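1. sharing a model prediction with you, sequence too.
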Amino acid sequence: MFSGCSYMKEIYFSSQFNNIEIQSMYQMFYNCKSLTAIDFTNFKIKNVERMDNMFGYCSSLKNINISNIDISKVTGMNQMFIGCKELEYIEFPNIKTKELKEINEMFFGCSSLKFLDLSNFDTKQIKYFTNLFNGCNSLTSLNISSFVTSKVTNMNSMFKDCYSLISLDLSNFDTNNIDNINGIFSGCLKLTSINLSSFKTNKISSLYEIFKNCSSLISLNLSNFDTKSVTSMYHMFSGCSSLVSINLTNFNTSKVINMEYLFSDCSSLTSLDLSNFNTENVNYVNNMFLNCHSLASINLSNFNTNKAQNLKNMFYGCSSLTSLNLSNFNTQTVTDISYMFYGCSSLTSIDLSNFLDNSILSINFIFNGCSNLAYIDISSFSKISYFYNPIFDANKPSNGTIIVKVETIENQLKKYIPEWTFIYKN
């Protein structure tokens with residue numbers, strides 16, 4: 001009706017619009033980007049079924065009152081307010097949405113919306129909550145207590161980048177049919193607690209970025225998580241910089257292929273026990289513990305790296321680690337271990353004598369920032385080409401002992417660490 005009227009600033013409806021029947025309001029005000037006011041006082045309609053994209057990209061609207069519109073027969077509200085970046089308040093009618101089936105991306109990008117009461121929303125027929133509140137950066141109060149989620153299968157990025165939400169109680173959520181929660185809480189910077197006690201994850205194959213950059217989360221109880229079908233944990237806890245500890249002893253990781261960035265930037269974690277992790281199918285562990293500055297101990301005793309391809313940056317920035325036991329690591333398929341221990345300034349010894357160099361192409365700067373290293377065993381390495389680039393930076397240890405396999409490697413390394421003692425091991 002008014003779609004694309006990008007210069008229109010105000011709309012007032014006369015009494016001619018009182019008590020009329022309209023089935024679809026699809027894109028009715030879509031992209032009316034200069035619109036600042038819509039007066040629905042005389043706009044009393046019924047039998048509406050579709051409201052998809054009704055106010056999409058009305059980027060100047062600050063308030064919307066649709067309390068006169070009968071939404072009891074509405075089936076679709078997909079992207080209804082998408083891109084309404086100045087919208088601060090929405091008043092819905094006091095009517096149950098008993099026919100509602102679709103609300104994908106309904107509030108996507110409503111970055112000024114502070115309060116939202118959806119207590120009258122009947123969601124029992126809805127299957128997808130994809131990007132529902134994604135980008136609602138200012139949202140501090142959200143009432144979704146009436147949400148029935150028994151048919152929902154997809155919550156991908158549902159609360160992504162809700163920067164201002166402090167807590168979420170989803171204990172009433174029935175997630176028995178959920179198969180996608182990728183990025184569900186990603187970017188919820190102020191979230192200190194999430195109640196996930198009723199969450200069922202037995203159908204989920206990916207936990208991609210679900211808590212990424214939840215930098216205020218202090219604790220997480222994931223004891224009810226069933227991860228037996230999960231193949232990806234990419235960035236799962238990345239950026240959870242306030243987490244001091246996390247118990248993952250119940251995690252079944254037998255099908256996981258990707259653990260890239262799993263704990264990266266978890267800068268308050270002091271210890272991790274991953275002895276229960278089955279990693280026999282994992283291909284990627286690069287950046288797994290990147291910048292875990294406070295991590296003093298990691299139990300990797302059962303780590304199986306038989307299929308791992310990339311170990312780059314794995315322990316990068318783990319400046320509190322004092323020891324690492326990698327004796328069970330198999331590197332027969334690994335191609336890159338560059339920067340692997342970069343910045344591990346508390347490590348005094350590293351034994352890589354079990355590292356097979358069949359497939360390794362790069363070990364660049366592997367010990368950069370390891371300023372307290374006094375013992376290194378790289379006796380399994382036979383290719384001089386690895387050492388054409390320095391393995392230390394300018395902040396290298398003044399002396400130490402290094403175990404090597406061949407004289408050519410010794411000669412190359414002496415260019416960078418001439419004061420070290422070299423020992424041969426066949």
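-> Structure's in. What do you need?
2. let's see stretch 349-365 as PDB, backbone CA atoms only.
-> The C-alpha coordinates for stretch 349-365 follow below in PDB (Å, rounded to 0.1, in the frame of the first residue of the first chain):
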ATOM      1  CA  SER A 349      60.100 -27.200  28.800                       C
ATOM      2  CA  ILE A 350      58.400 -28.600  25.700                       C
ATOM      3  CA  ASP A 351      58.900 -32.200  24.500                       C
ATOM      4  CA  LEU A 352      57.800 -32.700  20.900                       C
ATOM      5  CA  SER A 353      59.900 -35.900  20.400                       C
ATOM      6  CA  ASN A 354      56.800 -37.800  19.500                       C
ATOM      7  CA  PHE A 355      55.700 -35.300  16.800                       C
ATOM      8  CA  LEU A 356      55.900 -36.900  13.300                       C
ATOM      9  CA  ASP A 357      56.900 -34.500  10.600                       C
ATOM     10  CA  ASN A 358      55.600 -36.500   7.600                       C
ATOM     11  CA  SER A 359      52.900 -33.900   6.600                       C
ATOM     12  CA  ILE A 360      53.900 -30.800   8.500                       C
ATOM     13  CA  LEU A 361      54.500 -27.800   6.200                       C
ATOM     14  CA  SER A 362      54.900 -25.000   8.700                       C
ATOM     15  CA  ILE A 363      56.300 -24.500  12.200                       C
ATOM     16  CA  ASN A 364      56.800 -20.700  11.900                       C
ATOM     17  CA  PHE A 365      57.300 -18.800  15.100                       C
END
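3. for Arg16, grab phi and psi.
-> Just so we're on the same page, residue 16 is Gln rather than Arg. phi -60, psi -20 (degrees, to the nearest 10).
4. spit out the contact partners of the nearest residue to it once chain neighbours are set aside.
-> In this structure, Gln16 finds its nearest non-sequential neighbour in Asn42, 7.9 Å apart by Cβ to Cβ, 6 or more residues apart in numbering. C-beta coordinates here come from the backbone N, C-alpha and C atoms, glycine included. By Cβ atoms under 8 Å, 6 or more residues apart in numbering, the contact list for Asn42 reads Phe13, Ser14, Ser15, Gln16, Phe17, Asn18.
5. quick one: Asn42 from Ile64, how far?
-> Between Asn42 and Ile64 the computed distance is 16 Å (Cβ to Cβ, to the nearest Å).
6. picking that back up, among the contacts of Asn42, name the buried ones.
-> Among those, those classed as buried by 16 or more other Cβ atoms under 10 Å are Phe13, Phe17.
7. out of the contacts of Asn42, which is nearest to Tyr234?
-> Nearest to Tyr234 among the contacts of Asn42: Phe13, at 49.4 Å, using Cβ to Cβ.
8. and the closest one, what pLDDT?
-> pLDDT for Phe13: 83.
9. in what helix or strand does Ile409 lie?
-> Secondary structure from DSSP states H and E places Ile409 in helix 407-413.
10. that helix: which residues count as buried?
-> By neighbour count on 16+ other Cβ under 10 Å, the buried set for helix 407-413 is Ile409, Glu410, Gln412, Leu413.
11. what does stretch 162-182 give?
-> Under 16+ other Cβ under 10 Å, the buried positions of stretch 162-182 are 162-165, 168, 170, 173, 175, 178-182.
12. and if you look at stretch 16-34?
-> Result for stretch 16-34 [16+ other Cβ under 10 Å]: buried residues Phe17, Ile22, Met25, Tyr26, Gln27, Met28, Phe29, Tyr30, Asn31, Cys32, Lys33.
13. for the residues you listed, which one is nearest Lys190?
-> Ranked by distance to Lys190 (Cβ to Cβ), the buried residues of stretch 16-34 are led by Lys33 at 29.6 Å.
14. that closest one touches Gly56, doesn't it?
-> No. The criterion here is Cβ atoms under 8 Å, and Lys33 misses it with Gly56 at 10.2 Å.
15. for stretch 108-127, C-alpha coordinates in CSV please.
-> These are the backbone C-alpha positions of stretch 108-127, laid out as CSV (Å, rounded to 0.1, in the frame of the first residue of the first chain):
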residue,chain,number,x,y,z
PHE,A,108,15.9,-8.5,13.6
GLY,A,109,17.9,-5.3,13.8
CYS,A,110,15.5,-3.4,16.2
SER,A,111,18.6,-2.0,17.9
SER,A,112,16.8,0.7,20.0
LEU,A,113,14.0,-1.5,21.4
LYS,A,114,14.4,-1.6,25.2
PHE,A,115,11.3,-3.5,26.4
LEU,A,116,9.2,-6.2,24.7
ASP,A,117,6.2,-7.9,26.2
LEU,A,118,5.1,-10.9,24.1
SER,A,119,3.1,-12.5,26.9
ASN,A,120,0.0,-12.7,24.6
PHE,A,121,1.8,-14.5,21.9
ASP,A,122,0.6,-18.1,21.4
THR,A,123,3.5,-19.9,19.7
LYS,A,124,2.3,-23.5,20.0
GLN,A,125,2.3,-23.9,16.2
ILE,A,126,5.6,-22.2,15.4
LYS,A,127,8.6,-24.2,14.1
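16. contacts only, for Asn368.
-> Here Asn368 is in contact with Tyr339, Tyr342, Gly343, Pro390, Ile391, Phe392, Asp393, Asn395 (criterion: Cβ under 8 Å, 6+ apart).
17. turn these into JSON lines, columns for neighbour count and pLDDT.
-> Compiled in JSON lines, the contacts of Asn368 are given as follows (neighbours: other Cβ atoms under 10 Å; pLDDT from 0 to 100):
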{"residue": "Tyr339", "neighbour count": "25", "pLDDT": "95"}
{"residue": "Tyr342", "neighbour count": "23", "pLDDT": "95"}
{"residue": "Gly343", "neighbour count": "24", "pLDDT": "96"}
{"residue": "Pro390", "neighbour count": "17", "pLDDT": "81"}
{"residue": "Ile391", "neighbour count": "23", "pLDDT": "84"}
{"residue": "Phe392", "neighbour count": "20", "pLDDT": "85"}
{"residue": "Asp393", "neighbour count": "15", "pLDDT": "84"}
{"residue": "Asn395", "neighbour count": "11", "pLDDT": "82"}
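18. tell me where the stretch 101-250 of the chain has strands.
-> 115-117, 141-143, 167-169, 193-195 (DSSP state E, counting those that start in this stretch).
19. for those strands, which one ends up most surrounded?
-> Among those, strand 193-195 has the highest mean neighbour count (mean count of other Cβ atoms under 10 Å), at a mean of 18.
20. dump the strands of the stretch 101-250 of the chain into a markdown table; add distance to Ser275 as well.
-> Listed next are the strands of the stretch 101-250 of the chain as a markdown table, based on distance: least, Cβ to Cβ, whole Å:
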| stretch | distance to Ser275 |
| --- | --- |
| strand 115-117 | 43 |
| strand 141-143 | 39 |
| strand 167-169 | 31 |
| strand 193-195 | 26 |
